[in-house]
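Student: below: sequence and its predicted model.
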Amino acid sequence: MGCESSKPRQPVAPPAAASSSGCVNGNGASSGGPVAAAPYLVKDPKGSQTRKVDQRLAKAKKEEEKKIKLLLLGAGESGKSTVFKQMRLLYGTERSDDDLRMYGVVVRSNTVVAMRKLCSLLRNLELEDELDMESHEQGGDGSMTCREAYDELISHLVDRTSVAQDEDPQGMSENALRDWVGQSPRAGLAANEDAKQFLAHHEIIRILWESNTMKKIWRKRAVVNVVDAHIDFLNDIPRIASPDFKPTKKDILISRVRTNQLVMEKYVIKGTEFEMYDVGGQRSDRRKWIDCFDQVTAVIFVAALSEYDQTLAEAKRSNRMIEALELFRSVCNNRAFSETSILLFLNKRDIFAEKVLYSDIAAQVPFSDYRGPTKNYDQGVFYFIRKFKSCLIEDELNDAFIHVTCATDTSNMEFVLDATSSIVKAENLKKSGFLGAD
C-alpha cells in the first residue's frame, strides 16, 4: 500500500463490478477477466415509490376532507332512523326486492306489536265491560263481535295460551305459497313469528280495531309506548294482509326497526359527497357513540316533540322529553363537538299537533312551568324550543339550525335536508377559511 501523491485529484471512475473470475485491483483494473462498467448514477426506485404513495395519501386526505359527514343522534324512537331513510329515499338508490320483503315482515310485525300492547292496556284499564256493551249493540248477525275478537287476541297474542288453528289449512297453504313477502331472515326471528301471527289473525285484529272501545284506548297509547305512526298500518289491514302486498315508501318510512349498530350510507347531493351515520338511541347503545365522534362535520340531533307525556321503553319512570333535553345538553357541551355544527330537528310535529288537543303540557310534572294556553300548537313548540336552547352553556343555538319537522313527510324533509346541506356546507367552508366568520 502506498501514500497518495501530491498531484491534483483526477475524477475517479466508478468502481467496476467484480467478475466471477477475479477482483478489482487498486488501479480499477480487474485481476482476472473483463468487467462491465457500472453507471455513474444509481436510481432510487424505492424513494420514488414512497413519494408516489405519499402523493396518493395526500390526495385521499384532501378528498376525505371535502366530504360532509353527518351524525344522527337522539334518544330512542325520536325519528332518527326515519330521517336516515328519507335521505335514502331522496338521494339514494331504489330498494331491492330483498329489502322490500324484509320491510314487509317488519310492517306486519309492527301491526301485531301495536295490537298486543293495546289489548294489554285495555285489560289493565278494565274496559272489557265496554266491549261487552258494544258487542251487544252489534246484534246477533252471526259475525264475530269485538269482545270475541278481543278474547281471541288476548289468548293468542298477549297470554299466548293458544296456538293458532287455521280453519282452512289448504287455503292457508295456498296463500302462504303465493304470499310475495314470505319470510325474511334479515328481519329476525321475533319479527317473522309476529308476521305469521298477523296473517293468522288479521281479520280478528281488524274487527277489534274498528270498535269504538279500541279508538278510546288509542288515545291512551302513550302509556304503553305504541308507535304513533302505526295507526296507518291498523287502518290498512286488508292491504297488508294481501298475498300481493309490497311495502310502499311510506310503509318503509314509518316501520319500526330498532337500530343497535352503526349504519352508514353515502350520497352525492349537488356535487358534494355526504356520509350519514345512524346509531342506536337507547341507553345501552350510547356507549357506541364515542366511535363516531372523529372528524364529524355536523351533528343532527333529533328529538320528538310529541313525547312530552311519554316514558322511556327502557326506564318506565323517565320522561322521554327530559331524557332528550339532558342528552342534547351532554352533546352540545361535549368537547368532541366543540368545533362541530349542531342542528336540532324537533320531530313528529304532526303527532304533537294532534296530542296537545287532549294532553295538556302543563299537566306533565316536568313541564308544570308551561304558562302558555292549552291546546295551542305554536306556543307549545316555542316552549320546547326555549327548553332546548337553555341547554347550551356557552354558545347560543342559531334559529337557522333549528327545524320543526315531520320525518315521515317526504316534501317537508326534502326542504329541511336541502336547507341543512346548504348550512353545513357553508359552515364547513367557513371553518376551512374560505368564507369569513360572522
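Tutor: The structure has been received and is ready for your questions. Numbers count the residues shown, from 1 in each chain.
Student: please make it C-alpha for all contacts and neighbour counts, starting now.
Tutor: Fine.
Student: quick one: the strands in the stretch 151-300 of the chain?
Tutor: In the stretch 151-300 of the chain, the strands defined using DSSP state E, counting those that start in this stretch lie at 263-269, 272-278, 298-304.
Student: CA atoms of the last one as PDB?
Tutor: Okay, so that is strand 298-304. Extracted in PDB, the C-alpha atoms of strand 298-304 (Å, rounded to 0.1, in the frame of the first residue of the first chain):
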ATOM      1  CA  ALA A 298     -72.100  18.200  11.800                       C
ATOM      2  CA  VAL A 299     -74.500  16.500  14.200                       C
ATOM      3  CA  ILE A 300     -78.200  16.400  13.600                       C
ATOM      4  CA  PHE A 301     -79.900  15.900  16.900                       C
ATOM      5  CA  VAL A 302     -83.400  14.500  16.600                       C
ATOM      6  CA  ALA A 303     -86.000  14.900  19.400                       C
ATOM      7  CA  ALA A 304     -89.700  14.000  19.300                       C
END
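Student: all helices for the stretch 301-438 of the chain, in order.
Tutor: 320-332, 349-355, 377-389, 410-432 (DSSP state H, counting those that start in this stretch).
Student: out of the ones you listed, which gets nearest to residue 297?
Tutor: Closest approach to residue 297 among the helices of the stretch 301-438 of the chain (C-alpha to C-alpha): helix 410-432, 7.1 Å.
Student: lowest-confidence helix or strand of the protein?
Tutor: helix 169-178 (a mean of 59; mean pLDDT, DSSP states H and E).
Student: quick one: low-confidence parts of the stretch 251-400 of the chain?
Tutor: Per-residue confidence for the stretch 251-400 of the chain (pLDDT under 70) gives these ranges: 260, 280-294, 314, 394-396.
Student: dump the residue contacts of the residue nearest the centre of the chain.
Tutor: For the chain, the residue sitting closest to the mean C-alpha position, by C-alpha atoms, centre = their mean, is residue 81 at 2.7 Å. By C-alpha atoms under 8 Å, 6 or more residues apart in numbering, the contact set of residue 81 is 259, 278.
Student: secondary structure class of residue 113, three-state.
Tutor: helix (DSSP: H, G, I helix; E, B strand; the rest coil).
Student: start at 49 instead
Tutor: OK, 49 is where the count begins now, so the last one is residue 161.
Student: burial of it, as a residue count?
Tutor: Burial of residue 161 is recorded as 21 neighbouring residues (other C-alpha atoms under 10 Å).
Student: now it: closest residue in space, sequence neighbours ignored.
Tutor: Excluding the flanking residues, the one nearest residue 161 by C-alpha to C-alpha, 6 or more residues apart in numbering is residue 242, at 7.6 Å.
Student: so what's the backbone phi/psi at the closest residue to residue 427 other than its chain neighbours?
Tutor: Among residues not flanking residue 427 along the chain, residue 420 sits closest, at 6.0 Å (C-alpha to C-alpha, 6+ apart). Dihedral pair for residue 420: phi -80, psi 170, per degrees, to the nearest 10.
Student: residue 420 reaches residue 428, doesn't it?
Tutor: Yes: counting by C-alpha atoms under 8 Å, residue 420 does reach residue 428; the two are 7.2 Å apart.
Student: which residue is the nearest non-sequential neighbour of residue 377?
Tutor: What sits nearest to residue 377 in space, not counting adjacent residues and going by C-alpha to C-alpha, 6+ apart, is residue 439, at 4.8 Å.
Student: what do you get for residue 461?
Tutor: Closest residue in space to residue 461, ignoring its immediate chain neighbours: residue 455 at 6.0 Å, by C-alpha to C-alpha, 6+ apart.
Student: and that neighbour, what's its pLDDT?
Tutor: On pLDDT, residue 455 comes in at 93.
Student: which of the helices or strands spans residue 123?
Tutor: Using DSSP states H and E, residue 123 sits in no helix or strand.
Student: err, residue 119, not the other one
Tutor: Short version, using DSSP H and E: residue 119 is in strand 116-121.
Student: note down every partner strand of that strand and its orientation.
Tutor: The pairing partners recorded for strand 116-121 under DSSP bridges are strand 320-326 (parallel), strand 346-352 (parallel).
Student: and those strands, which is most packed in?
Tutor: When these are scored by mean count of other C-alpha atoms under 10 Å, the highest mean neighbour count falls to strand 346-352 (a mean of 26).
Student: what's that one in contact with?
Tutor: Contacts of strand 346-352 (C-alpha under 8 Å, 6+ apart): 116-123, 125-128, 369, 372, 376, 388-397, 472.
Student: repeat the analysis, applying 7 Å as the threshold.
Tutor: 117-123, 126-128, 372, 388-396, 472 (C-alpha atoms under 7 Å, 6 or more residues apart in numbering).
Student: hmm, back to that, and the residue nearest to residue 461, how far is that from residue 257?
Tutor: According to C-alpha to C-alpha, to the nearest Å, residue 455 and residue 257 sit 26 Å apart.
Student: if you count surrounding residues, which of these two has more?
Tutor: More crowded of residue 455 and residue 257, by other C-alpha under 10 Å: residue 455, with 29 against 24.
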